[in-house]
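J.: need a 3D model of the following:
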Amino acid sequence: MNTEIKLGLGNPPLPIYLYVNKLEIDGQAYGWYNYDVSLDKKTPVAERALTGYLSELRVTGKDFKGKDNIKLDIVVFADDLYIVRSGIETNFSKSFLLTASLIEDFSRPLTIVATPGEENVVFCGLYDALTKTKIRRDWDANADWAGLLQQIQSRLFTRPKYDLDEDERDRPVVQQPSSAPTKTNTIHPQDLRIKQIRTLTNYPIDLVKEWLQFQDASAPSQLSVAVVDKLVRDICLAWAADKVDSNHATSSYQQQVLGAIASGTDEIQAIQAWMNYVVGQRATVSSR
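T.: Residues are numbered from 1 along each chain as shown. Here you go, the predicted model:
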């Protein structure tokens, strides 16, 4: 890995997003682009390939025109930290999941290739970066997409993870040293728990604050574990509200999250696996 630190002026250490979509400019087709939110500007990326070490797969919900769009975020460490973002139900994401599921050793660098197809379709090619050989798997429209995602995530469990906060307001502020004694800045486990789940589900922090106000509290650490358990459940079910039937969401949460935690599974892992299951259920229904 490239660990050289560039001194001097530069950009903030935030992930570089590659948004997957076909763009045509002056007769040239591009498979992905950078997006400047402040200018609402898409800048096509001429290079079709990204080579690096796969770190993590994340499923995120992004609001677009009042609708919740489910995205697959492919986190890659290279000369910088990159996130390749594509719709969970796109050909790009599905072809990536099919081929990546064949990989056993994610400590080797991979090359991800974005290839524009007909209309708005972009296909994903995956190569072993060391041997430059393409990883091939036949297309399977009926594949268990949620199962493939969970399988790959389990193999990536030991890979390095990175702080991917997009909003700098949530980032810790570095204080200047002071001669006066300071309190330890350790975050309470219950506060950390809710922050992690809120980030995982992309749940608005304002709604968490509102919920806490009804409990006459300003932080989860001021509440009992049983009450915080209810907040966790409410956040998860709110995430699933527009994806599956509410009764199915509640029962599957009970079985797959609470049941897994009772068996010794880490809560974040259990919730992430359940979210993958819900996304898979939604994809199955939409494809019928």
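J.: what helix or strand does Leu149 sit in?
T.: Per DSSP states H and E, Leu149 falls inside helix 145-155.
J.: Cys124 and Leu110 touch, don't they?
T.: No: counting by C-beta atoms under 8 Å, Cys124 sits too far from Leu110 to count as a contact (11.1 Å). For glycine as for every other residue, the C-beta is placed from the backbone atoms N, C-alpha and C.
J.: of these two, who's got more company?
T.: Cys124 (24 against 21; other C-beta atoms under 10 Å).
J.: follow-up on the earlier one: quick one: average pLDDT of the helix holding Leu149?
T.: Averaging pLDDT along helix 145-155 gives 87.
J.: got the end-to-end distance for stretch 231-248?
T.: 19 Å (C-alpha to C-alpha, to the nearest Å).
J.: what's the average pLDDT for that stretch?
T.: 92.
J.: give me the residues contacting that stretch.
T.: 61, 68, 70, 193-194, 197-198, 201-203, 207-208, 211, 220, 223, 249-250, 252-253, 257, 267, 271, 274-275, 278-279, 281-282 (C-beta atoms under 8 Å, 6 or more residues apart in numbering).
J.: closest to the centroid, which residue in this structure?
T.: Nearest to the mean C-alpha position of the chain, counting by C-alpha atoms, centre = their mean, stands Arg58 at 2.4 Å.
J.: per-residue confidence at that residue?
T.: At Arg58, pLDDT is 89.
J.: relative to helix 145-155, how tilted is the longest helix belonging to the chain?
T.: Ranked by residue count and defined by DSSP state H, the top helix of the chain is helix 267-286. The directions of helix 267-286 and helix 145-155 differ by 160 degrees, with axes from the mean of the first three to the mean of the last three C-alpha atoms, to 10 degrees as the criterion.
J.: what ranges do the strands span in this protein?
T.: Using DSSP state E, the strands found in the chain span residues 16-25, 28-36, 41-44, 49-64, 67-77, 81-87, 110-116, 122-128, 133-134.
J.: okay, these in TSV with distance to Ala262 next?
T.: Converted to TSV, these look like this (distance: least, C-beta to C-beta, whole Å):
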stretch	distance to Ala262
strand 16-25	37
strand 28-36	42
strand 41-44	47
strand 49-64	24
strand 67-77	28
strand 81-87	33
strand 110-116	36
strand 122-128	37
strand 133-134	43
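J.: for Gly147, which of these is the nearest?
T.: strand 49-64 (13.1 Å; C-beta to C-beta).
J.: and that closest one, what does it pack onto?
T.: strand 67-77, strand 81-87, strand 110-116, helix 145-155, helix 267-286 (3 or more C-beta pairs under 8 Å, 6 or more residues apart in numbering; DSSP states H and E).
J.: one step back: packing partners for the helix holding Leu149?
T.: strand 49-64, helix 91-100, helix 267-286.
J.: am I right that Arg155 is in contact with Leu102?
T.: No: contact criterion C-beta under 8 Å: Arg155 and Leu102 do not qualify, at 10.8 Å.
J.: more neighbours: which of these two?
T.: Comparing Arg155 with Leu102 by other C-beta under 10 Å, the one with more neighbours is Arg155, at 16 against 11.
J.: residue contacts, the more buried one?
T.: Per C-beta under 8 Å, 6+ apart, neighbours of Arg155: 103-104, 106.
J.: what about it, distance to Thr99?
T.: Distance, Arg155 to Thr99, by C-beta to C-beta, to the nearest Å: 14 Å.
J.: over to Arg58?
T.: Distance, Arg58 to Thr99, using C-beta to C-beta: 18 Å.
J.: is it true that the residue nearest to the centre of the chain touches Ile70?
T.: No: look at Arg58 against Ile70 with C-beta under 8 Å: they stay out of range, at 11.0 Å.
J.: nearest residue to Ile152 in space, please, no chain neighbours.
T.: Ala100 (5.3 Å; C-beta to C-beta, 6 or more residues apart in numbering).
J.: neighbours of that neighbour, just the number please.
T.: By other C-beta under 10 Å, the residues close to Ala100 number 24.
J.: wait, Gln196 sits on Ile268?
T.: Yes: judged on C-beta under 8 Å, Gln196 makes contact with Ile268 at a distance of 5.8 Å.
J.: what about Leu258, neighbour count?
T.: Leu258 sits with 16 neighbouring residues when counted by other C-beta under 10 Å.
J.: on that earlier part again, can you list the helices and strands packed on strand 49-64 in TSV and add distance to Val232?
T.: TSV is the format used below for the helices and strands packed on strand 49-64 (distance: least, C-beta to C-beta, whole Å):
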stretch	distance to Val232
strand 67-77	20
strand 81-87	26
strand 110-116	34
helix 145-155	20
helix 267-286	8
